[in-house]
Structures are given as C-alpha cells and as structure tokens.
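Asks: Everything below, folded, please.
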Amino acid sequence: MKKLLMVGMMSAMLVGLAACGSDADSKSAESDKATPKTEEKEVAKKAETTKQDVNSDTDANKQTEEKQDKESTTAKEDTPTTEKAEEKTSEPTAQNGTTKETPDTAKTEEKTPEQKQAAAAGAFSLTPAGFKQSAVAPKTGGTVSLVYLNTTPETADFGPLKVTVKQYKLESVTGANKKMDPYSPESYLANQDGFVVTADVVIENTSASNINYLAERIQINGGGISKGASLENFVPTAYQLSGSATSHNIFPAKSKREGAITYMLNKDNYYTLVHLTKLVVPNPNDFADKALPVKTTKAIDLDFRITE
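Replies: As a prediction, this is how the structure comes out:
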C-alpha cells in the first residue's frame, strides 16, 4: 500500500514538473517571438531615423545650394554694375588722355585776327615755315617766285641796342595783274617786273631807359646805290616792326621787338645791288637826344647777299 502511495506521489510530481516545463517552454517561445518583433521595431525605428537624417541632410544640402545659387546670381548681377562703374571711371581719363582736351589744356596764347587768319590760310608769318610764304603775291598777282632765302642770323651789337636779322628772302615779281592803289608805294611794282626783299628783324633794348630808333633807316647798299626800308609795304599788320603801340620808333627799356621790313627793287636796282650787297645798320646815337654808351660811333655793316 505504501509503495502504491509513493508511486502515486512520484507520478504526481512528474506530471507537475512536466506542466511547469511546458509553461516555461511556452513562455520562452513567446519571449522568443516577442524579441524579433522588438528588434524589428528597433530596426524600423533606426531606419526611420536614418531616413529622417538623410532627408534632413538632403534638405540642408538643398538650402545650401539654393543659398550659393542666390549668392552666385547676386554676384553676376553686381558684376556688370561694377564693370560699368569702372568703365565710367576710366572713360573720362581715356578721353582726357587721348581725344578730348580739358579747358586748361586747350588754352593757347591769344593771337591777333591777322595772325589767326595767316595760320589758317598757311600765309606769311615770321616762323621758319611761314616766312617762306609770300605776302607779296596776294597784292600783286602775276607770278611771284622765291629766288633766295637766308636763315643765318646776323647781329649788329651797339651795346645798349642790338639789331639782329634772323632771316631774309628775295622774291621776284613778274606780270603783276592785280589792281593796286596808285597812291600806295606798293604800286611801284604794278606796271613793271621787279623784286621784293623781306627781312625778319629783332631790335633789343638792353638798357634801363627808352631808346629812339628808326628801323626804316636800315639800308641795302651796294654798287654805289642804296635803298631805304619800309615798315609797311607788303608786310601784314600783325608782323610790322614797332617799338610800342603809340610810337613805332620808341623801344622801351629791357624790351625786344620783332617784325618785318621790306625793300622794293626794279630790275636795274637788283642787278646793281646784287654784287657785294651790304645791310647798313645805323648807330642808335644818330637818333638819340642823349648820347648812349655805345661800343662804336659808326654804323655797322652786315653781309646781305641777295643771290645764289
């Protein structure tokens, strides 16, 4: 009987242990099933987070690119403005440096109407080029030719007064055909062929007082004859030799005056004077009220060849 009871109790214990094992296995299985779901959820959550991070990075990249695009666009829009500003800034400089002159640059020494007209027409003047032009032809007509030109300066130095011939020329006049004023000395060549000698003369007063000097008394001398000068014949007004505006023969202290004087010659005069021609420059004391401290009391002769 006791054996049966013990057998029964052991059987019951075995059944109970089996039941407990089954429950444990069941709970273990459920736990195993739950674990994959939790891991899946965590994986899914991580994937979602990663996705969000990727999207966030993508959005950030897009915003950065859009910002860069805007800055690039702004820079492109600003660039032409800067270039235009630079062009505007540099344009006046280029114009000033090359084609346009400023008022200060364009200013030149004022000239008389006669000088402006002569410069525009390429007419007679006292410049090396202008002196080659004829002031005779416009008045005489016919054929006027430059026979001889001398550009070697010569000076008669009296001390307080110096008379310099800078250049001179000889022109021949043939067949004058323009109507001339019969009362004008220039009409001397209206009815005959002849010559005109033009000299560019500078008179300098180096003293501290005015000097009276008659430039028309400067003479061509040769072959036993002489010819006095003219301050007006065939000399444009702008280039007439004059000491001052009020008196042509008064040369102010420390002054220098330049102008042209002329000599008219007919053929006989020319062929007589052509040999050993001299320009006789009178002494300033010939005209002075009070004697000047001159280097010589005589006139000074300058070589004045008028032919080749």
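Asks: quick one: contacts for T297?
Replies: The contact partners of T297, taken as C-beta atoms under 8 Å, 6 or more residues apart in numbering, are N283, N285. Bear in mind the C-beta positions are built from the backbone N, C-alpha and C, glycine included.
Asks: what helix or strand is it on?
Replies: Under the criterion DSSP states H and E, no helix or strand holds T297.
Asks: same check, this time on I220
Replies: Element membership of I220, judged by DSSP H and E, is strand 219-222.
Asks: For that strand, enumerate the helices and strands it packs against.
Replies: Other helices and strands packing on strand 219-222, by 3 or more C-beta pairs under 8 Å, 6 or more residues apart in numbering; DSSP states H and E, are strand 225-228, helix 267-273, strand 278-281.
Asks: What residues of the second one count as buried?
Replies: Neighbour-count burial for helix 267-273, counted by 16 or more other C-beta atoms under 10 Å, picks out N269, Y270, L273.
Asks: can I get the residues you listed in CSV with pLDDT and distance to T164?
Replies: Putting the buried residues of helix 267-273 into CSV (pLDDT from 0 to 100; distance: C-beta to C-beta, whole Å) gives the following:
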residue, pLDDT, distance to T164
N269, 91, 25
Y270, 93, 25
L273, 89, 22
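Asks: Output the residues you listed in a markdown table; the columns should cover distance to G223.
Replies: Listed next are those as a markdown table, based on distance: C-beta to C-beta, whole Å:
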| residue | distance to G223 |
| --- | --- |
| N269 | 9 |
| Y270 | 10 |
| L273 | 6 |
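Asks: the strands in the chain, which residues?
Replies: Applying DSSP state E to the chain gives strands spanning 143-150, 154-157, 161-174, 194-205, 211-212, 219-222, 225-228, 250-251, 255-266, 278-281, 300-303.
Asks: Could I get those strands in a markdown table, plus columns for mean pLDDT and distance to Q133?
Replies: Formatted as a markdown table, the strands of the chain follow (pLDDT from 0 to 100; distance: least, C-beta to C-beta, whole Å):
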| stretch | mean pLDDT | distance to Q133 |
| --- | --- | --- |
| strand 143-150 | 96 | 9 |
| strand 154-157 | 98 | 23 |
| strand 161-174 | 98 | 10 |
| strand 194-205 | 97 | 11 |
| strand 211-212 | 97 | 32 |
| strand 219-222 | 94 | 22 |
| strand 225-228 | 92 | 23 |
| strand 250-251 | 96 | 28 |
| strand 255-266 | 97 | 12 |
| strand 278-281 | 97 | 23 |
| strand 300-303 | 96 | 24 |
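Asks: is it possible to export those to TSV including distance to E186 and mean neighbour count?
Replies: Below are the strands of the chain laid out as TSV (distance: least, C-beta to C-beta, whole Å; neighbours: other C-beta atoms under 10 Å):
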stretch	distance to E186	mean neighbour count
strand 143-150	13	15
strand 154-157	27	17
strand 161-174	10	20
strand 194-205	9	22
strand 211-212	27	20
strand 219-222	18	20
strand 225-228	15	13
strand 250-251	26	20
strand 255-266	8	19
strand 278-281	22	22
strand 300-303	26	15
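Asks: I'd like to know how far Q192 sits from P282.
Replies: Here the criterion is C-beta to C-beta, to the nearest Å. By it, Q192 lies 29 Å from P282.
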